[in-house]
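*Asks:* Here is the input, now give the coordinates:
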Amino acid sequence: MLYASGADGVLKILDLNFEYKMKKISFKSIRVRMFVGMLGLIFILVLVVNAVVFRKYIGDMEKEVVSYADDTVQKIAENMAETIYSLEENMMYKITYSEMFSYQKDLQNAVAFSVEHKMQAFAELMKSNTLLIDTVYIRDKYNCLFYWNRAEASHDYVREFKKTEAGRYIEDHYETLKSQRGATIWRRFEDDPDHIYLIKTVLNQDSLVYEGILCAALDKSYLAEMEENLSFQMAVYDETGSLLYSSPSLYDAAQSWAGELSKAKPASRGNGYLNVYSTVDKKGWTITGFISQKEFLEGMMEMFGQLFWLELLFILLSAAMAAWLSKNMTVNISSLISSFRRIGHGEEVGDIQYVPGDETAYLCEQFNHMNHKLKDSITQMALDRTQKEKAEYNALLAQMNPHFLFNTLESINALAKLEGQKEISDSITKLAGLFRASLPGKGEEIPLAQELDYVRQYLELQKLVSGGKLEWEISAEDSLLSCRIPKLLLQPLVENAVIHGFSDMMETAMIILIVKASPMGLAVEIYDNGKGMEQTFIDTILRGEETEKYKNDRAHIGLCSIQRRIRYLYGEPYGLTITSSIGEGTVVKVILPLLLLNT
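*Replies:* Predicted structure coming up:
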């Protein structure tokens, strides 16, 4: 019944402590964390693959589109160079054929109406070559001005035309244009964005004499034909880098790109477009292809939209696989947690039936092993507790015996004194003093002087027993008598010398006890002239490895106990050392810390 109560108490304490710790631990399920981690890894993998594929696909597609656009622009530039050259050459023939400047042969009889009629004839001739001219303006070498408009002819339009950007351009650059003999320049002006102006310096075909400046407003649809059937838009810049033509939807981007044209590189980016360009030979023009990145990406997004559904299906399948893997990989961990929780609630836990093959199986195996050891430890703790209770009970009974003997000795001492037996009375008094010292007291340590007094009382009793064949000398500095040492530490050492060192000796036994201060602390040296012992035997005793012969010898057991007692109280540097040899006596040295009585 005593064992059962002890075991129940130990189990109850363990259960309460474990349950308290389990309550303080908060954690997320490892299965959930593994599942979330695996799913997160899958998402990251999908994103990385998408990024790589997208970047690679974009790069490859851009290269293909740019390559196609570049080849197309190159061909358009080559065709335009031939077309423009042919157009300008044909234009010169039409000027000569229409005889627009023939009035200069008889300037005095020149009539504006006749000149305008010839200007109209020139426009119609050009129209026959699919070139629609809406306006013709002439400023000749005599500063005579003529104007024809397809919609309406009027002399007032001459003054109006001079106010336009095209008219001001001719006036401002007249001398420069005059010097460019036979040249034709193409210009676009902001106040008339629907036309392209051909400004030509006209020379007489026979005499090569300068006749005047011809300005023809050409409908921009002539250049718009270049964009037909193209997957991208185009813009044309003249030799000065000014915008000559662009579709209306491209105008802002083309106009802003004009400033970047001089420093642009092939396949440049700007304003949401990929740009490729080529130069028109002889004219110095630049044809630029504008590939809309938005339209380009919209086509790709449609393809990636289809890819998204495939990736979503892949993620769902991966999530299911991750859930299955996390469940199977954590089944052993779940079993461990369940077992720990049952232990925390005080339940008895059996062995875990684990799934072998990985590290968690090792954990489960170790848990089963530790669970067995825990059960054994609980049983042993219950036994120890029971034995402790029995030992305390026996100790309580044992305290009654010294008190009874002490009281009995006091009664005998009183009778001896009444009978006048002084030696008997003194012996009883010394024996009673030793009994009093052995009784449990309040403190573990006593003054050195008191401990030496116990040694003297013991030696006097032994001298009485041995018939006077025992002598001793005790020497201690007065300043050390108040030092604290463990109670009954030296008396067992002296007792060991008397019992073992002087047994079967015929001559007088001698014990010398010296107490002094040393660098290590308090040093106590005990010398005897006994028969001595083998040094290996002494070392065996101090290590607690008593031989079978002395296993139940109280004195030899006491040496080991004193060593352990000193080490327990003061630590490893302190303790006993014993030096002896057969026939040479024994020297016991005790090193203790130097502790004053009130420290």
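*Asks:* Tell me the first helix or strand C-terminal of the lowest-mean-pLDDT helix or strand in the chain.
*Replies:* Ranking every helix and strand in the chain by mean pLDDT, DSSP states H and E puts helix 2-24 at the bottom, with a mean of 46. Later in the chain than helix 2-24, the nearest helix or strand by DSSP states H and E is helix 30-98.
*Asks:* from the middle of its chain, how far away would that following helix be?
*Replies:* 40 Å (C-alpha atoms, centre = their mean, to the nearest Å).
*Asks:* cool, and stretch 337-348?
*Replies:* Computed by C-alpha atoms, centre = their mean, the chain-centroid distance of stretch 337-348 equals 35 Å.
*Asks:* Could you do stretch 328-340 as well?
*Replies:* On the basis of C-alpha atoms, centre = their mean, stretch 328-340 is displaced by 28 Å from the centre of the chain it belongs to.
*Asks:* Need the residues that contact that stretch.
*Replies:* The contact list for stretch 328-340 (C-beta atoms under 8 Å, 6 or more residues apart in numbering) reads 22, 30-31, 34, 349, 352-355, 358, 360-361, 363-364, 367, 371. From N, CA and C alone the C-beta is placed, and that goes for glycine too.
*Asks:* Stretch 61-77 now?
*Replies:* Around stretch 61-77, the neighbours that count as contacts under C-beta under 8 Å, 6+ apart are 226, 230-232, 234, 266-267, 274, 276-281, 287-289, 291, 296, 300.
*Asks:* can we see that at 7 Å?
*Replies:* 226, 230, 232, 267, 274, 276-280, 287, 289, 291, 296, 300 (C-beta atoms under 7 Å, 6 or more residues apart in numbering).
*Asks:* returning to what we had before: buried ones from the contacts of stretch 328-340, can you make that a ChimeraX selection?
*Replies:* One line in ChimeraX is enough to select the buried ones among the contacts of stretch 328-340; burial here means 16 or more other C-beta atoms under 10 Å:
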select :31,34,349,352,354,360,363,364,367,371
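*Asks:* Lowest-confidence one in the contacts of stretch 328-340?
*Replies:* The lowest pLDDT within those belongs to M22, with 46.
*Asks:* The contacts of stretch 61-77: which two are farthest apart?
*Replies:* Largest separation among the contacts of stretch 61-77 by C-beta to C-beta: V280 and M300, giving 32.6 Å.
*Asks:* higher neighbour count, the two?
*Replies:* Neighbour totals were compared for V280 and M300, and V280 leads with 23 against 13 (other C-beta atoms under 10 Å).
*Asks:* What's opposite the more buried one in the beta bridge?
*Replies:* Under the criterion DSSP bridges, V280 forms beta bridges with W285.
*Asks:* quick check: domain ranges of the protein?
*Replies:* Domains of the chain are assigned by automatic domain parsing as 60-230, 444-592.
*Asks:* Any idea which of those gets closest to T240?
*Replies:* Per C-beta to C-beta, nearest to T240 of the domains of the chain: domain 60-230, 9.0 Å.
*Asks:* Three-state assignment for P193, please.
*Replies:* coil (DSSP: H, G, I helix; E, B strand; the rest coil).
*Asks:* what about it, neighbour count?
*Replies:* That count, for P193 with other C-beta under 10 Å as the rule, works out to 14.
*Asks:* how much space between it and L250?
*Replies:* According to C-beta to C-beta, to the nearest Å, P193 and L250 sit 13 Å apart.
*Asks:* what do you get for V202?
*Replies:* V202 sits 34 Å away from L250, going by C-beta to C-beta.
*Asks:* Could you point out which of the domains of the chain sits nearest L39?
*Replies:* Nearest to L39, of those and by C-beta to C-beta, is domain 60-230 at 31.2 Å.
*Asks:* Span of the closest one from start to end?
*Replies:* By C-alpha to C-alpha, to the nearest Å, the extent of domain 60-230 from end to end equals 20 Å.
*Asks:* now K163: how far from C483?
*Replies:* Distance of K163 to C483, given as C-beta to C-beta: 127 Å.
*Asks:* Those two: which has the busier surroundings?
*Replies:* Taking neighbours as other C-beta under 10 Å, K163 and C483 compare with C483 leading, 24 against 10.
*Asks:* List the contacts of the more buried one.
*Replies:* For C483, the contacting residues are 448, 522, 594-596, by C-beta under 7 Å, 6+ apart.
*Asks:* so which strand or helix has D134?
*Replies:* strand 133-140.
*Asks:* Pairing partners for that strand, with directions?
*Replies:* Here, using DSSP bridges, strand 133-140 pairs with strand 145-149 (antiparallel), strand 210-219 (antiparallel).
*Asks:* possible to save those strands as JSON lines with distance to L198?
*Replies:* Below are those laid out as JSON lines (distance: least, C-beta to C-beta, whole Å):
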{"stretch": "strand 145-149", "distance to L198": "14"}
{"stretch": "strand 210-219", "distance to L198": "5"}
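*Asks:* which one of those is the most hemmed in?
*Replies:* Each of the strands paired with strand 133-140 was assessed for mean neighbour count using mean count of other C-beta atoms under 10 Å. The highest is strand 145-149, with a mean of 22.
*Asks:* what's the model's confidence in that strand, averaged?
*Replies:* Strand 145-149 comes out with an average pLDDT of 90.
*Asks:* likewise stretch 449-469?
*Replies:* For stretch 449-469, mean pLDDT is 84.
*Asks:* Which helix or strand contains P573?
*Replies:* For P573, there is no host helix or strand (DSSP H and E).
*Asks:* Could you check the pLDDT of it?
*Replies:* 85.
*Asks:* Excluding chain neighbours, what is closest to it?
*Replies:* Leaving aside its chain neighbours, P573 sits nearest to M520 (6.9 Å; criterion: C-beta to C-beta, 6 or more residues apart in numbering).
*Asks:* Cross-check the contact I'm expecting between the one you found and I591.
*Replies:* Yes - shown here, M520 and I591 form a contact pair, counting by C-beta atoms under 7 Å, at 5.0 Å.
*Asks:* Could you check which of those two is surrounded by more residues?
*Replies:* More crowded of M520 and I591, by other C-beta under 10 Å: I591, with 18 against 12.
*Asks:* Residues in contact with the helix or strand hosting the more buried one: which ones?
*Replies:* Here I591, judged by DSSP H and E, is contained in strand 586-592. Outside strand 586-592, the residues that touch it by C-beta under 7 Å, 6+ apart are 485, 493, 497, 501, 520-528, 530, 532-533, 566, 570, 574-580.
*Asks:* Buried among those residues? Need that as a selection in ChimeraX.
*Replies:* The buried residues among the contacts of strand 586-592 can be selected in ChimeraX (16+ other C-beta under 10 Å) with this line:
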select :485,493,497,501,522,523,524,526,527,528,530,532,533,566,570,574,575,576,578,580
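*Asks:* Please flag which of the contacts of strand 586-592 sit within strands.
*Replies:* Counting by DSSP state E, those place 485, 521-528, 575-580 in strands.
*Asks:* just the strands in the stretch 201-350 of the chain please.
*Replies:* Secondary structure of the stretch 201-350 of the chain (DSSP state E, counting those that start in this stretch): strands at 210-219, 233-237, 243-246, 268-270, 273-280, 285-292.
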